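**Q** Sharing a model prediction with you, sequence too.
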Amino acid sequence: MVTSIFPLQIRDACLEKSGTQIIGPINLEILDRGCTVVVGPNGSGKTSLLRLMHGLEKASQGYVKWNVPRAQAYASQCYVFQTPVIMRRSVRDNIAYPLLLRGTQRKTALKEADKWLENVGLEASGEKKAHVLSGGERQKLALARALITNPGILFLDEPTTNLDGASTKEIERLIGQAQAAGTRIVMATHDFGQARRLGTDVLFMYRGRIHEICAVDDFFPTPSTEEARAFIGGEIVL
Ligand SMILES: Nc1ncnc2c1ncn2[C@@H]1O[C@H](COP(=O)(O)OP(=O)(O)OP(=O)(O)O)[C@@H](O)[C@H]1O
């Protein structure tokens, strides 16, 4: 039996940069189901929290611990950056790349990439150089490249910033599809509509700390703190 990477346990974790604590202490447990949307004002620490969870940053105090050894957990995670990293090769090769890294034969990897090209609507662009893609197309490529590995957890940092309505809808469809297929989602977003459409629970960051965590259906109509109420109302929260 394969051991689950969950729960992810974060205990008293802090992250320091240039001698300043930017987030923490954070206490959080992530179980294997759902879509957690991370919201909060600019600079409240959403990206830093995602990076800490994924292991791109190391806790200066406390710990971030998966249910399995770190390397095993890392192999089952993907992180899609706000500005996706695009490799200087074709769109198709970009998508196949994670499978090639894992030792899949090139022919099989490309066949799988073709399925994903179709799923994300990039089938006409497979042979294009990836760096010519538009912003929305790049996000689709990045999602396909993440999902081709069937990750246990997917971290998304503002996946639809600067995208038009149709591209946003398309990206949300792919995220919903991944969640339905069993991938745990943790996503930072400034889009409340998106948070309501995709999220199961909300994590509200404020001044580097988790200020509130609850079901999406409770957070927006009845936030339990004054800061969250002000934030949802579009007031400046400092
Ligand atoms: N490498 C770094 N060095 C120093 N400070 C940093 C570094 N990275 C982030 N910070 C600071 O940490 C704080 C949290 O940043 P972070 O990017 O996590 O916020 P955010 O909530 O994702 O913001 P936004 O909504 O604007 O994307 C900010 O004040 C930022 O300036």
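**A** In hand now; what should we look at?
**Q** Report the buried residues of the lowest-mean-pLDDT helix or strand in the chain.
**A** Lowest on mean pLDDT, DSSP states H and E among the helices and strands of the chain sits helix 70-75, with a mean of 92. By neighbour count on 16 or more other Cβ atoms under 10 Å, the buried set for helix 70-75 is residue 73. All C-beta atoms are positioned from the backbone trio N, CA, C, and that covers glycine.
**Q** what's the nearest residue to residue 46 if we skip its chain neighbours?
**A** Nearest non-adjacent residue to residue 46, counting by Cβ to Cβ, 6 or more residues apart in numbering: residue 188, 4.0 Å away.
**Q** What about the one you found? Give its phi and psi, please.
**A** Here is the backbone geometry of residue 188 (degrees, to the nearest 10): phi -90, psi 140.
**Q** ok, now which ones touch it?
**A** Counting by Cβ atoms under 8 Å, 6 or more residues apart in numbering, residue 188 touches 37, 38, 39, 46, 47, 49, 50, 156, 157, 158.
**Q** ok, the helix or strand hosting the second one near the ligand or not?
**A** Assigned by DSSP states H and E, residue 38 belongs to strand 35-39. No: among the residues of strand 35-39, none lie within reach of the ligand under Cβ under 6 Å from any ligand atom; the closest is 8.2 Å away.
**Q** hmm, back to that, residues in contact with the least confident helix or strand of the chain: which ones?
**A** Identification of contacts with helix 70-75 by Cβ under 8 Å, 6+ apart yields 5, 8, 55, 66, 67.
**Q** what kind of secondary structure is the nearest residue to residue 119 once chain neighbours are set aside in?
**A** Closest residue to residue 119 apart from its sequence neighbours, by Cβ to Cβ, 6+ apart: residue 144 at 6.9 Å. At residue 144, secondary structure determined by DSSP: H, G, I helix; E, B strand; the rest coil is helix.
**Q** what sits against residue 144?
**A** Neighbouring residues of residue 144 by Cβ under 8 Å, 6+ apart: 95, 113, 116, 117, 119, 120, 122, 174.
**Q** ok, the last one - contacts?
**A** Contact partners of residue 174, counting by Cβ under 8 Å, 6+ apart, are 119, 120, 140, 143, 144, 147.
**Q** Run a quick neighbour tally on residue 227.
**A** As a burial measure, residue 227 scores 19 neighbours (other Cβ atoms under 10 Å).
**Q** Which of the contacts of residue 188 fall within helices?
**A** 46, 47, 49, 50 (DSSP state H).
**Q** Do I have it right that the third one meets residue 40?
**A** Pointing back at residue 49 there. No: the criterion here is Cβ atoms under 8 Å, and residue 49 misses it with residue 40 at 9.2 Å.
**Q** about what we covered before: so which of the ones in helices among the contacts of residue 188 reach the ligand?
**A** Restricting the ones in helices among the contacts of residue 188 to those touching the ligand (Cβ under 6 Å from any ligand atom) yields 46, 47.
**Q** With just CA atoms, put stretch 88-103 into PDB.
**A** Written as PDB, here are the backbone C-alpha positions of stretch 88-103 (Å, rounded to 0.1, in the frame of the first residue of the first chain):
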ATOM      1  CA  ARG A  88      13.300  27.200 -24.300                       C
ATOM      2  CA  ARG A  89      11.800  24.300 -26.200                       C
ATOM      3  CA  SER A  90       8.500  23.400 -27.800                       C
ATOM      4  CA  VAL A  91       5.200  23.500 -26.000                       C
ATOM      5  CA  ARG A  92       4.900  19.800 -26.300                       C
ATOM      6  CA  ASP A  93       8.400  19.200 -24.900                       C
ATOM      7  CA  ASN A  94       7.700  21.600 -22.000                       C
ATOM      8  CA  ILE A  95       4.600  19.500 -21.100                       C
ATOM      9  CA  ALA A  96       6.400  16.200 -21.500                       C
ATOM     10  CA  TYR A  97       9.500  17.300 -19.500                       C
ATOM     11  CA  PRO A  98       8.400  16.200 -16.000                       C
ATOM     12  CA  LEU A  99       7.700  12.700 -17.300                       C
ATOM     13  CA  LEU A 100      11.100  12.500 -19.000                       C
ATOM     14  CA  LEU A 101      12.700  13.700 -15.700                       C
ATOM     15  CA  ARG A 102      11.000  10.700 -14.000                       C
ATOM     16  CA  GLY A 103      12.500   8.300 -16.500                       C
END
